[in-house]
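*Asks:* Coordinates only, no sequence provided:
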């Protein structure tokens, strides 16, 4: 049975490799090298801590038989700059990196930063379950707008979001990629 719950700091090691599947290119861009171990360590460090955009505070997980098999990370769009500051500080301190990051979200939405399912659990509707949970909790109960970016080179993900009721808002260029901003309200 699939259980959806809030993440805990102790889930960081299990969440990090799953989250990385949704943003591998971006994390490699952040750290300036294609090192999977360093990327997972970077994510696990931030997931286990509060006050940043990858914090457990903003993650909901799908769990099956005590194992985390999916995650969705989402936070208030107007908090991006504040939540990104610890990430940028860490990147400069540990990697001497100051990546040029555009604004991936905006005020007036709860931004879905990442949605990912472990390779072993893909094709079972876990991503859809996490999205439905987020839609119910944030849109139906709290009357918020959900926003996300989808890679234009990922038509399967775009189709999922459209079928679930997300609407295209605008095209954006961040992380050296052309992405489409979509919202659900």
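*Replies:* Cool, got the structure. Remember, predicted model here, so these are calculated numbers, not experimental data. Numbering: from 1, shown residues only.

*Asks:* who's in contact with the longest helix belonging to the chain?
*Replies:* In the chain, with assignment by DSSP state H, the single longest helix is helix 12-31. For helix 12-31, contacts defined as Cβ atoms under 8 Å, 6 or more residues apart in numbering pick out 7, 34-36, 38-45, 47-48, 54, 56, 59, 61, 67-71, 73, 87, 91, 95, 97, 99, 114-119, 175-177. C-beta: built from backbone N, CA, C; applies to glycine.

*Asks:* by contact count, what packs against the helix or strand following it?
*Replies:* Once helix 12-31 ends, the next helix or strand along the chain (criterion: DSSP states H and E) is helix 36-47. If contacts are counted by 3 or more Cβ pairs under 8 Å, 6 or more residues apart in numbering; DSSP states H and E, helix 36-47 sits against helix 12-31, helix 80-95.

*Asks:* who's in contact with residue 109?
*Replies:* With the criterion set at Cβ under 8 Å, 6+ apart, residue 109 makes contact with 77, 144-147, 183.

*Asks:* ok, now residue 152?
*Replies:* Contacts of residue 152 (Cβ under 8 Å, 6+ apart): 158, 171, 177-180.

*Asks:* just residue 114 next, same as before
*Replies:* 19, 22-23, 71-73.

*Asks:* In which helix or strand does it reside?
*Replies:* Per DSSP H and E: strand 110-117 holds residue 114.

*Asks:* Tell me the strands beside that strand, with direction?
*Replies:* Looking at strand 110-117 with DSSP bridges, its partner strands are strand 67-76 (antiparallel), strand 146-151 (parallel).

*Asks:* picking up where we left off before, of the contacts of residue 109, closest to residue 154?
*Replies:* Residue 154 has its nearest neighbour among the contacts of residue 109 in residue 147, at 16.7 Å by Cβ to Cβ.

*Asks:* Please report how far that closest one lies from residue 167.
*Replies:* Distance from residue 147 to residue 167, counting by Cβ to Cβ, to the nearest Å: 10 Å.

*Asks:* Quickly list what's touching both of the two.
*Replies:* 182-184.

*Asks:* Mind giving me the ChimeraX select for those, buried ones only?
*Replies:* Here is the ChimeraX command that picks out the buried ones among these, judged by 16 or more other Cβ atoms under 10 Å:
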select :182,183,184
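
*Asks:* Inside strands: which ones of the shared contacts of residue 147 and residue 167?
*Replies:* With strands taken from DSSP state E, the overlap with the shared contacts of residue 147 and residue 167 comprises 182-184.

*Asks:* what about residue 158, which helix or strand?
*Replies:* helix 155-164.

*Asks:* Pairing partners for the helix or strand following that helix, with directions?
*Replies:* For helix 155-164, the following helix or strand on the C-terminal side (DSSP H and E) is strand 167-174. Applying DSSP bridges, strand 167-174 is found paired with strand 177-184 (antiparallel).
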